[in-house]
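Engineer: Quick one, structure for this:
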Amino acid sequence: MYFIIRCDCGRALYAKEGVATRKCVCGKTLKVKERRIFKKVATREDASLAVQEMQDKIYGNTDFKRASEL
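Structural biologist: Residues are numbered from 1 along each chain as shown. I've put the predicted structure just below:
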């Protein structure tokens, strides 16, 4: 089971059930138990997709592209 949470900077993250802390790319260390859980998913792949969907809702289209596609 994976939990989808958000950092204070606004970034969506996922954390595996039972993990005490999760570090955001902004540098902040989050205590998972103190965070609001937005979604629960079963697999890591589902967690990754859920984070991508949440980031799309927050920031708009965030599709990754290769440099050759730009």
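Engineer: which element is the most centrally placed residue in the chain on?
Structural biologist: Centroid-nearest residue in the chain, with Cα atoms, centre = their mean: L13, separated by 2.0 Å. Element membership of L13 [criterion: DSSP states H and E] is strand 12-16.
Engineer: helix or strand right after that strand?
Structural biologist: Defined by DSSP H and E, the subsequent element after strand 12-16 is strand 21-23.
Engineer: list the buried ones in that following strand?
Structural biologist: For strand 21-23, a neighbour-count test (16 or more other Cβ atoms under 10 Å) marks R22 as buried. Placement of C-beta: from N, CA and C, glycine included.
Engineer: Which helix or strand in the protein has the lowest average pLDDT?
Structural biologist: Scoring the helices and strands of the chain by mean pLDDT, DSSP states H and E places helix 44-59 at the bottom, with a mean of 90.
Engineer: which secondary structure elements does that one contact?
Structural biologist: strand 2-6, strand 12-16, strand 39-41 (3 or more Cβ pairs under 8 Å, 6 or more residues apart in numbering; DSSP states H and E).
Engineer: Contacts for that helix next, please.
Structural biologist: Helix 44-59 has contacts (Cβ atoms under 8 Å, 6 or more residues apart in numbering) with 2, 4, 6, 10-14, 16, 38-39, 41, 62.
Engineer: which of those residues has the weakest pLDDT?
Structural biologist: Among the contacts of helix 44-59, T62 carries the weakest pLDDT, at 62.
Engineer: that older thread, buried set for the least confident helix or strand of the chain?
Structural biologist: Per 16+ other Cβ under 10 Å, helix 44-59 contains these buried residues: 47, 50-51, 54.
Engineer: Cheers, nothing more for now.
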